[in-house]
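1. here is a sequence with its predicted model. Questions after.
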Amino acid sequence: MERIYLDNAATTALDPAVLEVMMPYLTNRFGNPSSIYSYGRESRMGIENARKSVAKILHAHPAEIFFTSGGTESSNTAITAAVRDLGCKHIISSKIEHHATLHTIEYLHKKGEASLSYVQILDDGHIDLNHLELLLQNNDEKCLVTLMHANNEIGNMIDLHIVGNLCRKYNAIFHSDTVQTVGHFPFDLRNTPIDFITGSSHKFHGPKGSGILFINENIKIKPFINGGSQERNMRAGTENLYGIIGFAKALEIATEFHAADKEKILVLKNYMMLSLTKNIVGTMFNGDPTGNSLYAVLSASFPKTDKSEMLLFNLDINHICASGGSACTSGADQGSHVIRTLNNDPDRVTVRFSFSKYNTTAEIDQVIEKLKEII
């Protein structure tokens, strides 16, 4: 049986067209972008053209786009800088953030650098905006609000404008982990009240290890990594040249075909919801899958039985790739902090299916057949 890959929120297959533009930089265009001879200048030009392309697509200025190793580094940089450089003494976040955010804010809190509040989560997995405003209102210190644009496990989305305007109203810095949405949704950063966003190219058919951090031009922070003048003194270290070239190309392709891809993937998600409901008794869905939610993510839960307890393992044996929650802790299944926060029901087993332009309804039919056997 061919492998069926339904874990695209964890990572995606590299688009052949992306590999094609990366290849010259993996072979003969190997100059160090910091070298002054033509080999180096060629590499430098590749990076700056990539920056212009990314900025244009996100409606930002090229000077606001910084290339990093991915979403985790970008979020660490933004959150740490907000506390250490921008004077934020209080952090407001949620308990369903990605660990790149959660672990960073917990660390800063433990070190005594900032106090910490968590905004309440509604039953459908959305952020309680009234509680967020209450937290901002009742706070005397400068605040950092860090809330992800779309949850990587359940798919729920926030409205960046609503949250951003709240932050502006109370003079708070706003960082959003947009790793699941850059490359999947259009952005207009020039007209969005936001200070930092993040992106990672392997979530939209680009290479791993290549990300961005958007820093609003009105904000000045110090580097997180020291030791060189790369990225306009913001991130030391020789640039991931081919990764940066790949990031820009993947974003260009994702943007060009966005409408068609979104429509196709949404059809797959709805088809899977319907098929699960029809074929597997007791299927429930986490979050708000038909509301304000990622079109590529579906978090389903099934009654726990002797058979379903080993569900991911059994899917894997049948060459079906899905995840039990967040992919970043795969291997040892420690359970998901997101699902624990939402509905801590020990009698249910959660599986996240996430789709891409390469999936088909025929694959979903095969998965449903296997699930019927397993459960």
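-> Structure received.
2. residues near Ala260, how many?
-> 10 (other Cβ atoms under 10 Å). Glycine gets a C-beta too; all of them are placed from N, C-alpha and C.
3. so who does Met45 touch?
-> Neighbour list for Met45: empty [criterion: Cβ atoms under 8 Å, 6 or more residues apart in numbering].
4. relative to Ile244, how far out is it?
-> Remark: distance between Met45 and Ile244 (Cβ to Cβ, to the nearest Å) = 12 Å.
5. low-confidence ranges in the chain?
-> Low-confidence segments of the chain (pLDDT under 70): 325-334.
6. quick one, what contacts the most centrally placed residue in it?
-> The centroid of the chain falls nearest to Val179 when counting by Cα atoms, centre = their mean (2.3 Å). Val179 sits next to 71, 98, 148, 152, 198-200, 203, 211 when contact means Cβ under 8 Å, 6+ apart.
7. apart from its neighbours in sequence, what residue is nearest it?
-> Leaving out its chain neighbours, the residue that sits closest to Val179 by Cβ to Cβ, 6 or more residues apart in numbering is Gly71, at 3.8 Å.
8. do the same with Asp124
-> Nearest non-adjacent residue to Asp124 (Cβ to Cβ, 6+ apart): Asp288, at 4.4 Å.
9. ok so the one you found is a helix residue?
-> No. Under the criterion used here (DSSP: H, G, I helix; E, B strand; the rest coil), Asp288 is coil, not part of a helix.
10. surely it is in contact with Ala150?
-> No. In this structure, Asp288 is not within contact of Ala150 by Cβ atoms under 8 Å, at 11.2 Å.
11. in terms of neighbours, single out the busier of the two.
-> Comparing Asp288 with Ala150 by other Cβ under 10 Å, the one with more neighbours is Ala150, at 24 against 18.
12. ok, now which ones touch the more buried one?
-> The contact partners of Ala150, by Cβ under 8 Å, 6+ apart, come to 156-158, 178, 180-181, 293-294, 297.
13. for Pro207, same thing?
-> Going by Cβ under 8 Å, 6+ apart, Pro207 touches 14, 18, 22, 201, 242-243, 246-247, 250.
14. and Asn139, by the same measure?
-> The neighbours of Asn139, taking Cβ under 8 Å, 6+ apart as the test, are 90, 92, 117, 170.
15. what's the spacing between the last one and Arg340?
-> When distance is defined by Cβ to Cβ, Tyr170 is 30 Å away from Arg340.
16. could you check which of the two is surrounded by more residues?
-> The residue with more neighbours, out of Tyr170 and Arg340, is Tyr170; 16 against 13, by other Cβ under 10 Å.
17. was I right about the more buried one contacting Gln137?
-> Yes. Look at Tyr170 against Gln137 with Cβ under 8 Å: they come within range, at 7.0 Å.
18. what segments of the stretch 51-200 of the chain are strands?
-> 65-68, 90-93, 115-118, 143-146, 173-176, 196-200 (DSSP state E, counting those that start in this stretch).
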